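**Student:** coords please:
(one chain, ligands or ions: 3)
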Amino acid sequence: MASSAFSWNLPDHPKLPKGKTVAVVVLDGWGEANADEYNCIHVAETPVMDSLKNGAPERWRLVKAHGTAVGLPSDDDMGNSEVGHNALGAGRIFAQGAKLVDSALASGKIYDGEGFNYIKECFDKNTLHLIGLLSDGGVHSRLDQVQLLLKGASERGAKRIRVHILTDGRDVLDGSSVGFVETLEDDLSQLREKGIDARVASGGGRMFVTMDRYENDWDVVKRGWDAQVLGEAPYKFQSAVEAVKTLRAEPKANDQYLPPFVIVDESGKAVGPVVDGDAVVTFNFRADRMVMLAKALEYADFDKFDRVRVPKIRYAGMLQYDGELKLPSHYLVSPPEIERTSGEYLVKNGIRTFACSETVKFGHVTFFWNGNRSGYFDETKEEYVEVPSDSGITFNVKPNMKALEIAEKARDAILSGKFDQVRVNLPNGDMVGHTGDIEATVVACKAADKAVKIILDAIEQVGGIYLVTADHGNAEDMVKRNKSGQPLLDKSGGIQILTSHTLQPVPVAIGGPGLHPGVKFRSDIQIPGLANVAATVMNFHGYEAPADYETTLIEVVDN
Ligand SMILES: O=C(O)[C@@H](CO)OP(=O)(O)O
Ligand SMILES: [Mn+2]
Ligand SMILES: [Mn+2]
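**Tutor:** Residues are numbered from 1 along each chain as shown. Ligands and ions are numbered 1, 2, ... in the order given. Model prediction:
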């Protein structure tokens, strides 16, 4: 597109009117899968979602929500909220962090960039610290990328390396942390044989240490800071494998919630606090759960918790995590440039927008939706409402979460007549699904379904249009399966609970009294995915999507 000819004005849709209130509902972690006892959506009472599926075959369909359809390296990659909401909001498929880091490592370009050269200054006399999620989940980070980075940095002069690990159990099976730590320890010992002083320095479970998001609970980040930067934690071990094995042996322990620990030497001294002159890299490519730590590492006037000691460091993110805040200012790989999102177009065409979720998913329908960008495009036309999430609990304890409150806010926004688009994320299926608690996940799915009803009823009242979809699967499959789909059993004969997202497709349901009667899903799109939703929503507002957007899912047939 020649820049001189560029215009934010969207062309009118030839057949669909303007002025309808459009509700866009994203059910987080709500995929479509075979109906069996491990499909919590099937087991749960979900009359509203069932009626959408069974009521109007031309207005319900499945779309792809994982792998290449959302910009991930391969179709073995499960979907996730970041890439899912990016695709939903941007209407195009961008090569995502996972893929960009892969290419930068493969070509070696990562080592030529500004970010690497910035941290390299410390290699000669000081320590390089790597902090991030240690697994092969591919949602926030990947172990093989960390291995390549360790190799690359040591070949380029890093003499002392400390790795601060966060155990996963959320994107990978619970219990797999031990194997990942063993693999890492193996790599570090090979580096030591080459004369590089490389060790694990601290650790903890991702949901209890460091990886909070959207400022739900700063204590999580503080626990990480204390262990990683100050070298202080309630548990001390001489090896990381011993740490993870011992902490996992506690009753009810799981990888996601391991307490913080530091590795100490024979005299009990932490082996790797961060000190003046050191370099720090946060190796997650995904933004949401690194932003808070990035602020603590980078901001001089930080006041969210007492950092006690603020070392003068050179800090780089694997990617830049927030394009608007330019955070962090140094990074190893440039993030995808997700611009001209549907949110920005619609606002510039006068669409008044309301977006809402509870804290743990708030940034999904705002920050991710808008291409990893904080804040409003135009505060006179947008209102983003965050319902405070519960903090300090696992969500199987309160599986209803804030679904009702979110739905009521959406209902009020729809009935107020002040908004053209009302967009929400309902977190239940995903957040409770990640706990691996099947019974609670069934309750969660029911709660999400009830919330959908409240929103659709409001749309009915104002003669509006709805589009209900999801960002990826989770609650529809809670068990690890073999290739033929049979549940896999562990050594003691129990099922292996699947806490992660899935590769399943997700539904898109459309309707409402405001939807032109001739609208139906097209059957000619090869492999429709989440990125086709944005053009569809633009149509419902009476516009055609920009030419480079993935095509709309609908057609209007004359009756
Ligand atoms: O909780 C998260 O960070 C991820 C899983 O790692 O889930 P989602 O992509 O749904 O936010
Ligand atoms: Mn999600
Ligand atoms: Mn999730």
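
**Student:** So which bits of the stretch 51-200 of the chain are right by ligand 1?
**Tutor:** Within the stretch 51-200 of the chain, the positions lying close to ligand 1 (C-beta under 6 Å from any ligand atom) are 80, 81, 139, 140, 170, 171. To be clear about C-beta, it is placed using only N, CA and C from the backbone, and glycine gets the same treatment.

**Student:** Check the separation of the first and last residues in stretch 538-556.
**Tutor:** 14 Å (C-alpha to C-alpha, to the nearest Å).

**Student:** Averaged pLDDT, it. What do you get?
**Tutor:** Throughout stretch 538-556, pLDDT has a mean value of 98.

**Student:** and the residue in the stretch 301-450 of the chain positioned nearest to ligand 1, how many residues sit next to it?
**Tutor:** Closest approach between the stretch 301-450 of the chain and ligand 1, counting by C-beta to the nearest ligand atom: residue 430, at 4.6 Å. Residue 430: 29 surrounding residues under other C-beta atoms under 10 Å.

**Student:** Okay, it and residue 472: tell me how far apart.
**Tutor:** 8 Å (C-beta to C-beta, to the nearest Å).

**Student:** most neighbours, which of the residues of the stretch 51-200 of the chain next to ligand 1?
**Tutor:** residue 80 (30 neighbours).

**Student:** what's near enough to touch the residue lying closest to that residue once chain neighbours are set aside?
**Tutor:** Leaving out its chain neighbours, the residue that sits closest to residue 80 by C-beta to C-beta, 6 or more residues apart in numbering is residue 139, at 4.4 Å. Contact partners of residue 139, counting by C-beta atoms under 8 Å, 6 or more residues apart in numbering, are 78, 80, 82, 171, 286, 501.

**Student:** next one: residue 229
**Tutor:** Contact analysis of residue 229 by C-beta under 8 Å, 6+ apart lists 273, 274, 307, 309, 311.

**Student:** And the furthest pair within those?
**Tutor:** Farthest pair in the contacts of residue 229 (C-beta to C-beta) is 273 and 307. Separation: 12.5 Å.

**Student:** more neighbours, those two?
**Tutor:** Neighbour totals were compared for residue 273 and residue 307, and residue 273 leads with 22 against 17 (other C-beta under 10 Å).

**Student:** Do I have it right that that one meets residue 226?
**Tutor:** No. In this structure, residue 273 is not within contact of residue 226 by C-beta atoms under 8 Å, at 9.8 Å.

**Student:** Work out for me the element the residue in the stretch 201-350 of the chain that ligand 1 sits nearest to sits within.
**Tutor:** At 5.5 Å from ligand 1, residue 289 is the closest residue in the stretch 201-350 of the chain, using C-beta to the nearest ligand atom. Under the criterion of DSSP states H and E, residue 289 resides outside all helices and strands.

**Student:** who's in contact with it?
**Tutor:** Going by C-beta under 8 Å, 6+ apart, the list of residues near residue 289 reads 133, 140, 206, 210, 211, 212, 213.

**Student:** Can you say which of those are buried?
**Tutor:** 133, 140, 206, 210, 211, 212, 213 (16 or more other C-beta atoms under 10 Å).

**Student:** Which of those fall in strands?
**Tutor:** Secondary structure from DSSP state E places residue 133 of those in strands.

**Student:** Let me have the buried ones among the contacts of residue 289 in a markdown table, adding distance to residue 320 as columns.
**Tutor:** Putting those into a markdown table (distance: C-beta to C-beta, whole Å) gives the following:
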| residue | distance to residue 320 |
| --- | --- |
| 133 | 18 |
| 140 | 15 |
| 206 | 21 |
| 210 | 19 |
| 211 | 18 |
| 212 | 20 |
| 213 | 17 |
